[in-house]
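Peer 1: 3D model of this:
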Amino acid sequence: MSSNTYPLPKVASREEWLSARKALLLREKELTRQRDALNAARRRLPIVKIDKQYVLEGPRGKLPLIDAFEGRRQLYIHHFMWIDALDTGCPQCTRTADMTYNSIPFLAQLQERDITFAAVARAPYAKLASFIAHRGWIFPFYSSHGTSFNVDFGATLDEAQGPIEYNYRDKAELTRAGLPAELLHGDWPGHTILLRDGATVYHAYSSYARGLDTLFAPYNFLDLTPYGRQEEWEDSPEGWPQRPTYG
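Peer 2: Take a look at the predicted model:
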């Protein structure tokens, strides 16, 4: 019985492999330089003052948004998706939390650089508390239930609260891009970075969809392998293993 039911990449001599690998290395180095330049531009992105007085709810009860900074100047918010049809947390968000966010060394690494990590979901805190306890999570997790927080930061689509916009596209642009209008509701992947100067809070950055790719650690490993992520949208050779998009 064959040990591999899928095609193999081209089999080459060590010399041929080394030549191809060095050519790829040049492209990898260029991508690294481009990523450094992109990060430098991100650090120079303007910020916007947040005037709305958001109130979140956590284990200590309701508190103003600024308290979620826990005294630090920067706040990373993971918009934790809530699946209404199942009335539970998003499986992908849950996997990411289990693997990354629920780690004392991870949280400490951010805190050493004046960053607080927090997850925010729109479900009532009573539901979140039960979910958090079941998962055994230790990272800060708040409810924005009853506020427009998720909609305002583009992570929840709800026309009753405001025009549809996701990943900096309005409803018309999203539908032209191939997203059916009937799917444009509920929570979508996103994260937000806030900056505090005293009692003033600023919106520094938000990213959505595949902008969160690098935060899901297994993707970084899968991208290094011959068969990649094995997802339908990938540009892979004919016959490469593919499966429905992991989510």
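
Peer 1: Using the three-state scheme, assign the spatially most central residue of the chain.
Peer 2: The centroid of the chain falls nearest to residue 212 when counting by Cα atoms, centre = their mean (3.5 Å). Secondary structure state of residue 212, per DSSP: H, G, I helix; E, B strand; the rest coil, is helix.

Peer 1: who's in contact with stretch 38-46?
Peer 2: For stretch 38-46, contacts defined as Cβ atoms under 8 Å, 6 or more residues apart in numbering pick out 204, 205. From N, CA and C alone the C-beta is placed, and that goes for glycine too.

Peer 1: when you give positions from now on, start the count at 59
Peer 2: Understood, numbering begins at 59; the last thing we discussed is stretch 96-104.

Peer 1: CA-only coordinates of that stretch in PDB, if you can.
Peer 2: Only the C-alpha atoms of stretch 96-104 are listed here, as PDB (Å, rounded to 0.1, in the frame of the first residue of the first chain):
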ATOM      1  CA  LEU A  96       4.600  47.600   6.200                       C
ATOM      2  CA  ASN A  97       4.900  47.400  10.000                       C
ATOM      3  CA  ALA A  98       6.800  50.700   9.900                       C
ATOM      4  CA  ALA A  99       4.000  52.300   8.000                       C
ATOM      5  CA  ARG A 100       1.500  50.800  10.500                       C
ATOM      6  CA  ARG A 101       3.300  52.500  13.300                       C
ATOM      7  CA  ARG A 102       2.800  55.800  11.500                       C
ATOM      8  CA  LEU A 103      -0.900  55.300  10.900                       C
ATOM      9  CA  PRO A 104      -3.000  58.300  12.300                       C
END
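
Peer 1: Tell me who's in contact with the residue nearest to the centre of the chain.
Peer 2: Going by Cβ under 8 Å, 6+ apart, residue 270 touches 247, 248, 249.

Peer 1: Once you drop chain neighbours, what's closest to residue 186?
Peer 2: Leaving aside its sequence neighbours, residue 186 sits nearest to residue 201 (Cβ to Cβ, 6 or more residues apart in numbering; 5.3 Å).

Peer 1: and that neighbour, how many neighbours?
Peer 2: Residues within reach of residue 201, counting by other Cβ atoms under 10 Å, total 24.

Peer 1: so what's it bridging to?
Peer 2: Under the criterion DSSP bridges, residue 201 forms beta bridges with residue 115, residue 179.

Peer 1: Roughly how far does it sit from residue 207?
Peer 2: Remark: distance between residue 201 and residue 207 (Cβ to Cβ, to the nearest Å) = 10 Å.
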